[in-house]
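A.B. asks: the following block contains a protein sequence and its predicted model.
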Amino acid sequence: MRSLLLLPLWALLQAWGSSEVPQRLFPFRCLQISSFANSSWTRTDGLARLGELQTHAWSNGSATVRFLKPWSWGKFSNRQWDMLQHILRVYRTSFTRDVQEFVKMLRLAYPVELQLSAGCEVRPGNASENFLHIAHEGNHILSFQGTSWEPAPKAPVWINEVISVLNYDQGTRETVQWLLNDTCPQLVTGLLEAGKSELEKQVKPEAWLSSGPSPGPGRLLLVCHVSGFYPKPVWVRWMRGEQEQPDTLHSDLLPNADETWYLRATLDVMAEKAAGLSCRVTHSSLEGQDIILHWGGSGTSLGLIILAVLVCLVSLLALIVAWRLWLRRYCSYQDIL
């Protein structure tokens, strides 16, 4: 059952050469989901992420890894990637067989789902931290710690039999150590070099205010929208002066189609207390110049103000055009007379 120990480490194989490690940290994470409906039907899909960006994908129906970025090849040659593709194909076949053997040995009931996560984070000074975790039906059951497999705190009793089998194979444990401690940091370094311009890009957010559905009589729901920013970390709060409003609620960070992010911060307040509030946005791309949007006492958003101004301008333009047409007709009438 040696192949089970490789887990989703098809992307963590030996990278050739190394270089200076960038100061900014980008954790590399390989994720795999394997579903076993019964003893004869299974599906395995995987992906790899570097920081916030997905770099590789591995679909069940394909025998090869898809490179999702122009720089996803990193520092590997064609020959080296050919070798990785071969290892991936062997791994997937062996992994499926080994899981089915464990299910039979432990008399587990189908369907079975396994989630696997493995990777590392390179830190300044060439130090690195790595991880390898396995979950069953979404519950963490075991991890690789240092030199051996260890059960999760709330793992089922049967996992001890699995760990006993896994830890008995010293050669495989040494291979896992090599992949996590040596290979993964080298791979990450190569990807960081190749994708540096995209990984370190900064995109400034756009922000605007609006009001949401009324929470109740005499109350307002103030909404601060922040969109189009990259990287992901952002700080958005409703403020009164320099005092943060603790009742600020945040939506989930949602991805835009261009790989930037969107966030909404809301605040439920009494209508008469809305005046004087502001939304403050802090992001690395702003270089210390925070975006501050002030809520008007009437609750009118900036978008509505802009719309009103545009309506006035269009109306004025229409009046000017009408006046010129009338003047032209009048002059023509005078010429006839």
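C.D. replies: Structure received.

A.B. asks: below-threshold pLDDT in the protein: ranges please.
C.D. replies: 1-24, 297-316, 318-337 (pLDDT under 70).

A.B. asks: which residues touch the residue positioned nearest the centre of it?
C.D. replies: Against the mean C-alpha coordinate of the chain, by C-alpha atoms, centre = their mean, the closest residue is E52 at 4.5 Å. Taking C-beta atoms under 8 Å, 6 or more residues apart in numbering, we find E52 in contact with 230-232, 259. Just so you know, the C-beta spots here come from the backbone N, C-alpha and C atoms, and that holds for glycine as well.

A.B. asks: ok, now how distant is it from E259?
C.D. replies: Counting by C-beta to C-beta, to the nearest Å, the gap from E52 to E259 is 8 Å.

A.B. asks: need the contact list for I159.
C.D. replies: 141-142, 151-152.

A.B. asks: most widely separated two among these?
C.D. replies: Largest separation among these by C-beta to C-beta: I141 and P151, giving 7.0 Å.

A.B. asks: who has more neighbours, those two?
C.D. replies: Neighbour tally, I141 and P151, criterion other C-beta atoms under 10 Å: the higher count belongs to I141, 20 against 16.

A.B. asks: contacts made by the helix or strand containing that one with the rest, please.
C.D. replies: If you go by DSSP states H and E, I141 is part of strand 139-145. Outside of strand 139-145, the residues within contact range by C-beta under 8 Å, 6+ apart are 131-135, 149-152, 154-156, 159, 162-163, 176, 180.

A.B. asks: adjacent strands (with direction) for the next helix or strand after that strand?
C.D. replies: Next along the chain after strand 139-145, taking DSSP H and E as the criterion, comes strand 148-151. Strand 148-151 sits in its sheet next to strand 139-145 (antiparallel), going by DSSP bridges.

A.B. asks: can you show me the CA trace of the strand it pairs with as CSV?
C.D. replies: The C-alpha coordinates for strand 139-145 follow below in CSV (Å, rounded to 0.1, in the frame of the first residue of the first chain):
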residue,chain,number,x,y,z
ASN,A,139,-13.4,14.9,9.1
HIS,A,140,-9.7,15.1,9.7
ILE,A,141,-8.4,11.5,10.5
LEU,A,142,-4.6,11.6,10.2
SER,A,143,-1.5,13.6,9.3
PHE,A,144,2.1,13.1,8.6
GLN,A,145,4.1,14.7,11.4
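
A.B. asks: and it, how far out from the chain's middle?
C.D. replies: Here the centre of strand 139-145 is set off from its chain's centre by 23 Å, with C-alpha atoms, centre = their mean, to the nearest Å.

A.B. asks: what residues of that strand count as buried?
C.D. replies: Neighbour counts over strand 139-145 (16 or more other C-beta atoms under 10 Å) mark 140-144 as buried.

A.B. asks: closest to V269 among those?
C.D. replies: Closest to V269, out of all of the buried residues of strand 139-145 and judged by C-beta to C-beta, is H140, at 40.6 Å.

A.B. asks: relative to P124, how far out is the closest one?
C.D. replies: 29 Å.

A.B. asks: still on that earlier bit, from N78, how far out is the residue nearest to the centre of the chain?
C.D. replies: 28 Å.

A.B. asks: can you show me the strands along the stretch 1-150 of the chain?
C.D. replies: According to DSSP state E, counting those that start in this stretch, the stretch 1-150 of the chain carries its strands in the segments 28-36, 42-50, 53-58, 66-67, 112-122, 128-136, 139-145, 148-151.

A.B. asks: buried set for the fifth one?
C.D. replies: Yep, that's strand 112-122 we're talking about. Buried residues in strand 112-122 (16+ other C-beta under 10 Å): 112, 114-122.

A.B. asks: for it, packing partners?
C.D. replies: If you count contacts as 3 or more C-beta pairs under 8 Å, 6 or more residues apart in numbering; DSSP states H and E, strand 112-122 packs onto strand 28-36, helix 78-106, strand 128-136, helix 184-194.

A.B. asks: what's next to it, contact-wise?
C.D. replies: Against strand 112-122 from outside (C-beta under 8 Å, 6+ apart): 7-9, 12, 21, 25-36, 48, 99, 103, 128-138, 180, 184-185, 188-189, 192.
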